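show me how the following folds:
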Amino acid sequence: METIKRTKIVDVLKSTDFGTIVNVKGWVRTRRGSKQINFIALNDGSTINNVQIVVDLDKLGEEYLKPITTGASISVNGTLVQSQGKGQSVEIQANEIEIYGTADPATYPLQKKGHSMEFLREIAHLRLRTNTFGAVFRIRHNMAYAIHKFFHDRGFFYFHTPIITASDCEGAGQMFQVTTKNLYNLKKDENGSIIYDDDFFGKQTSLTVSGQLEGELGATALGQIYTFGPTFRAENSNTPRHLAEFWMIEPEVAFNDIYDNMELAEEFIKYCVRWALDNCKDDVQFLNDMFDKGLIDRLQGVLKDDFVRLPYTEGIKILEEAVAKGHKFEFPVYWGVDLASEHERFLVEEHFKRPVILTDYPKEIKAFYMKQNEDGKTVRAMDVLFPKIGEIIGGSEREADYGKLYNRIQELNIPMKDMWWYLDTRRFGTVPHSGFGLGFERLLLFVTGMSNIRDVIPFPRTPKNAEF
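Numbering: from 1, shown residues only. Sure, this is the predicted structure:
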């Protein structure tokens, strides 16, 4: 077969160089046709759209084409022509086809029919080849790029925080341990506690739940930083919104108060949504048409309004009034409760009909590092609540006062041996500072319209599941 430099299908479909010879390579989506002529739909992952290969059977022979079934990979040399068919502007009239790899129709699981998301999760190593997951993961790439661009253009520094850590940022204690110890023969002291002296790091270590505490060290030196990396939560949550391994973006900014923080969060998330609409048109349109007819309207809706700023106490009043008028929630509503996603979604979808930033939460339900308000009961927290998702961003102004932070750490019995370095930022040149965390997969759920978080990460890690 003549060697011609490959052109990606995304570029072929935009080309108007009719009459030229091109080479495309990819995987066969379908082959159909008659005794005289066959049509192969070919995709190489560069776009949701296939290119149509027109094959004259007199030229290549029916026997030769037999192994070219759904899933097979081929290389095609042919002439670029204007398409006669609907839906595409160009097609390729094949001169030569080389078969790289076949896919036996009896055993290749992705035949031309609808597959359930559950079934596709069982074959996550192959689901990437479907239109749906191609679209999702091209959007995932674009969102990662947009995030770096947003922060870089605003003078933030990308700051790498450790994945292995000895501190529990959230204080929730649900962390995966990292050890080289022989688990069948653990050395213990007289109280039955494990001795870690002979472990790799000489102390108990875990996979990080958040890079925030270390991010604060970066912000109090470089001014404004962001982290973007994997985080791990060992909570036994089998829900459509939880993963044990997920990616998190955490900006941290010196001299920002809670109001600056809310501005940044709103600007950031609108930038990401706009990027998806502008740069992932075909993929977003496909997901809108196939999965979620309201997707594009919802994305545009987020851009057009200012987000509501709502104190927690007022939010509770609105929810209590809804209950009084007969609205049924599964979980109770009262001042001091940590809102469930049904409560968050009611405020966003039914009451305000736009995103809400909920502020000033009771200090009991929030992390130790949040700045306390003058009332002594609430903290300068903020959660950004979105339609269909509930909480998409959580953040706060951080407690900059050494005494208050020290007392809160004591109250919550957080071991001081893990916290001395963090407290030093309040001892030496403390400043007001704020930040937030965005779960990358929650953003992707919103932008793709997918309904389960396991379907926006290539290989989901959830309780009892670490396949592939």
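
which residues in the stretch 101-250 of the chain form strands?
157-158, 164-165, 177-178, 205-207, 224-232, 245-254 (DSSP state E, counting those that start in this stretch).

next one: the helix or strand residue 24 falls within to chain centre, how far?
Element membership for residue 24 (DSSP states H and E) is strand 21-33. Centroid separation for strand 21-33 versus its chain: 32 Å, with CA atoms, centre = their mean, to the nearest Å.

state the next helix or strand along the chain beyond that strand.
Criterion used, DSSP H and E; the element after strand 21-33 is strand 37-43.

distance of the residue of the chain positioned farthest from its centre relative to residue 326?
No residue in the chain sits farther from the centre than residue 58, which is 49.2 Å out by CA atoms, centre = their mean. Distance from residue 58 to residue 326, counting by CB to CB, to the nearest Å: 73 Å. C-betas here are computed from N, CA, C, even on glycine.

likewise residue 47?
50 Å.

likewise for residue 279?
Applying CB to CB to residue 279 and residue 326 gives a distance of 45 Å.

just want to know which of those two has more residues nearby.
residue 279 (15 against 6; other CB atoms under 10 Å).

quick one: contacts for the more buried one?
Residues in contact with residue 279, defined by CB atoms under 8 Å, 6 or more residues apart in numbering, are 142, 146.

could you rerun that using 6 Å?
residue 142 (CB atoms under 6 Å, 6 or more residues apart in numbering).

could you shift the numbering so residue one becomes 50, and keep it that way?
Will do, 50 is the new start, and the previous item becomes residue 328.

can you read off the backbone torsions of it?
Note on residue 328: backbone dihedrals following degrees, to the nearest 10 are phi -110, psi -10.

same check on residue 452?
Dihedral angles for residue 452 - degrees, to the nearest 10 - are phi -60, psi -50.

pLDDT value on it, please?
pLDDT for residue 452: 95.

tell me, how many residues neighbour the closest residue to residue 475 other than its chain neighbours?
Take residue 475 and drop its neighbours on the chain: the residue closest to it by CB to CB, 6 or more residues apart in numbering is residue 451, 3.9 Å away. By the measure other CB under 10 Å, the count of residues near residue 451 is 15.

same question, residue 233
Neighbours of residue 233 using other CB under 10 Å come to 5.

how much space between it and residue 255?
21 Å.

low-confidence regions, the stretch 350-499 of the chain specifically.
Judged by pLDDT under 70, the stretch 350-499 of the chain has no weakly predicted residues.

apply 80 and report the result again.
466-467 (pLDDT under 80).

just the strands in it please.
357-360, 405-411, 427-435, 439-446, 482-488.

tell me what the shortest one is packed against?
Packed against strand 357-360 by the contact rule (3 or more CB pairs under 6 Å, 6 or more residues apart in numbering; DSSP states H and E) you find strand 405-411.

can you give the contact residues for the strand it packs on?
By CB under 6 Å, 6+ apart, strand 405-411 touches 311, 356-361, 364, 385, 396-397, 427, 430-434.

the same query, at a cut-off of 7 Å, please.
Outside strand 405-411, the residues that touch it by CB atoms under 7 Å, 6 or more residues apart in numbering are 307, 311, 356-362, 364, 385, 396-397, 422, 426-434.

list only buried entries from these.
Among these, those buried by neighbour count (16 or more other CB atoms under 10 Å) are 307, 311, 356-357, 359, 361, 364, 396-397, 422, 427-434.
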